[in-house]
Structure formats: structure tokens, C-alpha cells
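Got a predicted structure plus its sequence, pasted below:
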Amino acid sequence: MPTIRVELFEGRTVEQKRALAAALTEATVRTLGGSPGSVDILFFDIAKHDWATGGTLWSDPPPPGG
Ligand SMILES: O=C(O)/C=C/C=C(\O)C(=O)O
């Protein structure tokens, strides 16, 4: 059973997640076969202060030149 974890910034609506879940499920079945009921989509909402890229939290201003 394919299980897809989606880690994204918090703030997306239920409608957006519903649409993404449908699109990911459709793409998974088309690519791998199987049935939609075999695909699980897990959403993890991450606050910008809990996510860093290049050593900088997304909640902080970007460093000079960075
Ligand atoms: O890591 C990045 O460069 C951007 C991440 C963006 C998200 O996770 C988001 O828009 O939810």
C-alpha cells in the first residue's frame, strides 16, 4: 500500500489538502497500478519556526546575501 507523507507549511485549507490528496492518489494509481483505496496520504503541517533551510528558520528574515 503506497503511503505518501506531505510535509508542508501550515496554513493550507482543507479544500487544498482534499484536492492534493485526490491528485496524488490519481497519479499513484496511474503510475503504479492498484486501487485508490490502497493509497494513503498523510499531511504534516509544519510551522515556519519549526523548519530551517540553509541554517535559517523560515520564520526569520533571510541572512544578508543569502
Ligand atoms: O523548502 C523549501 O524550499 C520550501 C518549502 C515549502 C513548503 O514546504 C510549503 O510551501 O509548504
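Thanks, I have it.

Point out where this structure drops to low pLDDT.
In the prediction, the chain carries residues with pLDDT under 70 at positions 66.

Check for me that residue 8 belongs to a helix.
No: note on residue 8: no helix contains this position according to DSSP: H, G, I helix; E, B strand; the rest coil, which reports strand.

tell me the contacts of it?
When the contact criterion is C-beta atoms under 8 Å, 6 or more residues apart in numbering, the partners of residue 8 are 43-46. C-beta here means a position set from N, CA and C on the backbone, and glycine is covered the same way.

so how far is residue 14 from it?
Spatial separation of residue 8 from residue 14 under the definition C-beta to C-beta, to the nearest Å is 13 Å.

Who wins on neighbours among the contacts of residue 8?
residue 43 (16 neighbours; other C-beta atoms under 10 Å).

one step back: return the member of the contacts of residue 8 nearest to residue 18.
residue 43 (10.3 Å; C-beta to C-beta).

What's opposite that closest one in the beta bridge?
When bridges are called by DSSP bridges, residue 43 pairs up with residue 6.

Contacts only, for it.
Residue 43 sits next to 6, 8, 17, 21 when contact means C-beta under 8 Å, 6+ apart.

Which members of those residues define the maximum pairwise distance?
Using C-beta to C-beta, the two most remote members of these are 8 and 21, lying 12.2 Å apart.

returning to what we had before: mind putting the contacts of residue 8 in JSON lines, distance to the ligand included?
JSON lines is the format used below for the contacts of residue 8 (distance: C-beta to the nearest ligand atom, whole Å):
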{"residue": "43", "distance to the ligand": "10"}
{"residue": "44", "distance to the ligand": "10"}
{"residue": "45", "distance to the ligand": "9"}
{"residue": "46", "distance to the ligand": "7"}
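
Near the ligand, which residues of this protein are found?
8-9, 53 (C-beta under 6 Å from any ligand atom).

so which of these comes closest to residue 30?
The closest of the residues of the chain next to the ligand to residue 30 turns out to be residue 8 (C-beta to C-beta; 22.5 Å).

how close does the closest one sit to residue 47?
11 Å.

And residue 63, by the same measure?
Taken as C-beta to C-beta, the spacing of residue 63 relative to residue 47 amounts to 20 Å.
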